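below is the structure, and that's it, no one-letter string:
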């Protein structure tokens, strides 16, 4: 069993910054890729950024140059630094992790419950 808990969502003005955090806990043997997704009202969930266990990153075109994903492998945490926020960044942000459990030697994607980010114009 794995739990992912996001935090850091808030209401912020356009041009502002926020830092999201996600902590993974449970019977974890290893965490491979981790990612942030977001879902705006009435839209499909979309990938925002990914990071491998080695630190390689990828970003959606819409956030390149503004968002930075990072991770702390020792603490099983990932972060999303969001700068120059725009109203179109308003969404629920979810973290996801590709986890290998101690009890089951297979990779499985786990998800958090989400944290709301609202950017006012």
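Happy to help now that I have it. Here the structure is a predicted model, which is why all the values come from computation and not from measurement.

checking the residue most central in space within the chain next. Helix, strand or coil?
Nearest to the mean C-alpha position of the chain, by CA atoms, centre = their mean, lies residue 36 at 2.7 Å. Following DSSP: H, G, I helix; E, B strand; the rest coil, we place residue 36 in the strand state.

next one: the one 5 residues further on
Using three-state DSSP as the criterion, the local structure at residue 41 reads coil.

count the neighbours of it for me.
Residue 41 has 7 neighbours, counted by other CB atoms under 10 Å. In short, each C-beta sits where N, CA and C put it, glycine included.

next: the one 4 residues further on.
By the measure other CB under 10 Å, the count of residues near residue 45 is 15.

bridging residues for the nearest residue to it once chain neighbours are set aside?
Take residue 45 and drop its neighbours on the chain: the residue closest to it by CB to CB, 6 or more residues apart in numbering is residue 39, 4.2 Å away. Beta-bridge partners for residue 39, by DSSP bridges, are residue 92.

contacts for stretch 15-24, please.
2-10, 12, 31, 34, 36, 75-85, 93, 95, 97, 99, 110, 112, 115, 117, 119 (CB atoms under 8 Å, 6 or more residues apart in numbering).

got a list of what residue 7 touches?
Here residue 7 is in contact with 20-23, 115 (criterion: CB under 8 Å, 6+ apart).

ok, what's across the strand from it?
residue 21.

leaving out chain neighbours, which residue sits closest to the residue of the chain positioned farthest from its centre?
The C-alpha centroid of the chain is most remote from residue 103, which lies 24.9 Å away (CA atoms, centre = their mean). Nearest non-adjacent residue to residue 103, counting by CB to CB, 6+ apart: residue 27, 5.5 Å away.

quick one: the one you found from residue 71, how far?
Distance of residue 27 to residue 71, given as CB to CB, to the nearest Å: 20 Å.

between the two, who's got more neighbours?
residue 71 (21 against 11).

wait, that one touches residue 34, no?
Yes: the pair residue 71 / residue 34 is scored as a contact, 5.8 Å apart, by CB atoms under 8 Å.

who touches both of those two?
Common contacts of residue 71 and residue 34, defined by CB under 8 Å, 6+ apart, comprise 51, 78.
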